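Student: this one's sequence-less:
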């Protein structure tokens, strides 16, 4: 419940901040046409299907901004254990996806929306054979994700980035929300 309140507060603060910022003529997104970026990130997952639990995760995204508004991104993310406090079972999730990103032209920060398609691998490790009947089997499935976030320029080489996405798999793999924070590095400008 605490993580849901934190997410609501984050979304409220993000929207409130966007509402009080003045729009100036010629506002530009921090995304630049024909540039490559790399974003390592630390994440937290929550709101899993079947009330599995929440977990920390890691990942990396490599992006290419086609224009200052439209970009594409390849991403791999790993969630360590959404089984929560159950010491008998570990359930990790790995996602590999390709995403489209649309950057909005706003002064100071750049909000964005994203949608992607990829594969989700859930791996179940059972340490107590008596719980086999209670666990969802490991699976690899097609999954899509949608969400958004904000980017903020730190200097001419780095951006701070916060992102909230929903991951939906087509069958047995868990669906979940992911909130991440990362630092984006422009590797080619």
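Tutor: Cool, got the structure. Quantities reported herein were computed from a predicted structural model and do not represent experimental measurements. Numbering: from 1, shown residues only.

Student: Can you list the residue ranges for helices in the protein?
Tutor: 2-20 (DSSP state H).

Student: Tell me where it has strands.
Tutor: Secondary structure of the chain by DSSP state E: the strands cover 35-46, 55-65, 70-79, 89-103, 109-126, 139-153, 158-169, 176-188.

Student: Can you spell out which helices and strands pack onto the shortest one?
Tutor: By that I understand strand 70-79. Packed against strand 70-79, as judged by 3 or more C-beta pairs under 8 Å, 6 or more residues apart in numbering; DSSP states H and E, are the following elements: strand 35-46, strand 55-65, strand 89-103, strand 109-126, strand 176-188. Where C-beta positions appear, they are placed from N, C-alpha and C, glycine not excepted.

Student: any idea of the angle it forms with strand 158-169?
Tutor: Strand 70-79 runs at 70 degrees relative to strand 158-169, counting by axes from the mean of the first three to the mean of the last three C-alpha atoms, to 10 degrees.

Student: same thing with the last one?
Tutor: Put simply, strand 176-188 runs at 140 degrees to strand 158-169, going by the same axes, to 10 degrees.

Student: Name the strands paired with strand 176-188 and say parallel or antiparallel.
Tutor: Based on DSSP bridges, the pairing partners of strand 176-188 within the sheet are strand 35-46 (antiparallel), strand 158-169 (antiparallel).

Student: on that earlier part again, can the helices and strands packed on strand 70-79 go into CSV with extra columns for mean pLDDT?
Tutor: Formatted as CSV, those follow (pLDDT from 0 to 100):
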stretch, mean pLDDT
strand 35-46, 93
strand 55-65, 93
strand 89-103, 89
strand 109-126, 89
strand 176-188, 90
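
Student: Would you reformat these as JSON lines and include distance to residue 145?
Tutor: Below are the helices and strands packed on strand 70-79 laid out as JSON lines (distance: least, C-beta to C-beta, whole Å):
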{"stretch": "strand 35-46", "distance to residue 145": "12"}
{"stretch": "strand 55-65", "distance to residue 145": "12"}
{"stretch": "strand 89-103", "distance to residue 145": "6"}
{"stretch": "strand 109-126", "distance to residue 145": "5"}
{"stretch": "strand 176-188", "distance to residue 145": "8"}
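
Student: Make JSON lines from those strands and add mean neighbour count to it.
Tutor: Below are those laid out as JSON lines (neighbours: other C-beta atoms under 10 Å):
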{"stretch": "strand 35-46", "mean neighbour count": "18"}
{"stretch": "strand 55-65", "mean neighbour count": "18"}
{"stretch": "strand 89-103", "mean neighbour count": "20"}
{"stretch": "strand 109-126", "mean neighbour count": "18"}
{"stretch": "strand 176-188", "mean neighbour count": "18"}
